[in-house]
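Enquirer: Build me a structure from this.
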Amino acid sequence: MDSTYRAFYSDLHTIHWWWRAREHAIERTILRHIFPRLKSRIPIDIFEIGAASGMNFHIFRSMGSISGIEIDNNWSFDSQAINNSIIYADFSTVCLLPETYDLVVALDVIEHIQNDSFVMKKVRTILKPGGIFLVNVPAWNQLWTQHDVVNCHYRRYSPSSLNSLALSCGYRILSMHSLFFWPALGKLLIKLVKRVLPSNEFLQKSQIKIPPYLINIFLTQLSKLENRILEHFPSGPGSSLIAVLIKEDAVLKT
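Expert: Residues are numbered from 1 along each chain as shown. Predicted coordinates:
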């Protein structure tokens, strides 16, 4: 990650409407789909891929113990305890004990990995039987913009492509739905305007900024509301997908 963006990322994660609404959607997904499945196991063992500085740990800590892995060792940490619970390594190559975790989390991570199938299968090996993989990804290649290029995305996913990937890697879809309908419309509008004004320098930039306070609050609440509505439309339109995958007990065919 770019050092300037990394320094700004903590503020984005804490304040920006998109991250606040995503966290709200994750919390609702835990309550609606994950907790009912794993409540008999609590306290559970949780592992986050792409943990950054552990800024998502607080979402899951009430359910059990959480640790993670992060490929970028330049993050700063609020506490030594969080630092000690994160492995600095590439998940694709690191050795982890099989059937160790009840819940593995990857929030906007697998789109950065060229061989997403390999990683999905590796996650399956470290999940306990009946364990859950919570994954969040950008949706629809039709929404591809300069933002994807800057953030080193290999792809965006449709509900069908994510479903096919999950099934081929030995998971069953417990739930899946879209997030962020109005940002998807915004991305389509930007792509349309770029066709008309391809040389517009402003449109070529991909800068994320925190809006003024009241606008940020409004966009946060709007996004939370529409995300709750989108829960009832598994293949509905949106710029992100969130899915709960459960490890099938059957042996995965290779």
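Enquirer: In the sheet, which residues pair with the residue nearest to the spatial centre of the chain? Tell me.
Expert: In the chain, the C-alpha nearest the mean C-alpha coordinate belongs to L107, at 2.0 Å (Cα atoms, centre = their mean). In this entry, L107 is beta-bridged to N136, by DSSP bridges.
Enquirer: Please give me every residue in contact with it.
Expert: R22, I26, E48, G50, N56, L134, V135, N136 (Cβ atoms under 8 Å, 6 or more residues apart in numbering). Heads up, the C-betas are built off the backbone N, CA and C, glycines and all.
Enquirer: show me the contacts for the second one.
Expert: Residues in contact with I26 (Cβ under 8 Å, 6+ apart) are N56, I59, L107, L134, N136, I242.
Enquirer: one more time with 6 Å
Expert: By Cβ atoms under 6 Å, 6 or more residues apart in numbering, the contact list for I26 reads I59.
Enquirer: State which helix of the protein is the longest.
Expert: The single longest helix within the chain, with elements called by DSSP state H, is helix 213-230.
Enquirer: List the buried residues of it.
Expert: N216, L219, T220, S223, K224, E226, N227, L230 (16 or more other Cβ atoms under 10 Å).
Enquirer: quick check, nearest of those to V193?
Expert: Nearest to V193 out of these is L219 (Cβ to Cβ; 20.2 Å).
Enquirer: Not counting sequence-adjacent ones, nearest residue to that closest one?
Expert: Distances taken as Cβ to Cβ, 6 or more residues apart in numbering put W17 closest to L219, at 3.9 Å, once the chain neighbours are dropped.
Enquirer: Just name the closest of the buried residues of helix 213-230 to I246, please.
Expert: Nearest to I246 among these, with distances taken as Cβ to Cβ, is L230, at 21.2 Å.
Enquirer: can you give me the helices for the stretch 101-250 of the chain?
Expert: Taking DSSP state H, counting those that start in this stretch as the test, the helices found in the stretch 101-250 of the chain are 116-126, 146-150, 159-168, 181-196, 201-204, 213-230.
Enquirer: comparing those helices, which gets the lowest mean pLDDT score?
Expert: The stretch with the lowest average pLDDT out of the helices of the stretch 101-250 of the chain is helix 201-204, scoring a mean of 50.
Enquirer: Show me what counts as buried in stretch 161-171.
Expert: Buried positions in stretch 161-171, judged by neighbour count with 16+ other Cβ under 10 Å: S161, L162, N163, L165, A166, C169, G170, Y171.
Enquirer: just stretch 138-151 next, same as before
Expert: Buried, per 16+ other Cβ under 10 Å, within stretch 138-151: P138, A139, W140, L143, T145, H147, D148, N151.
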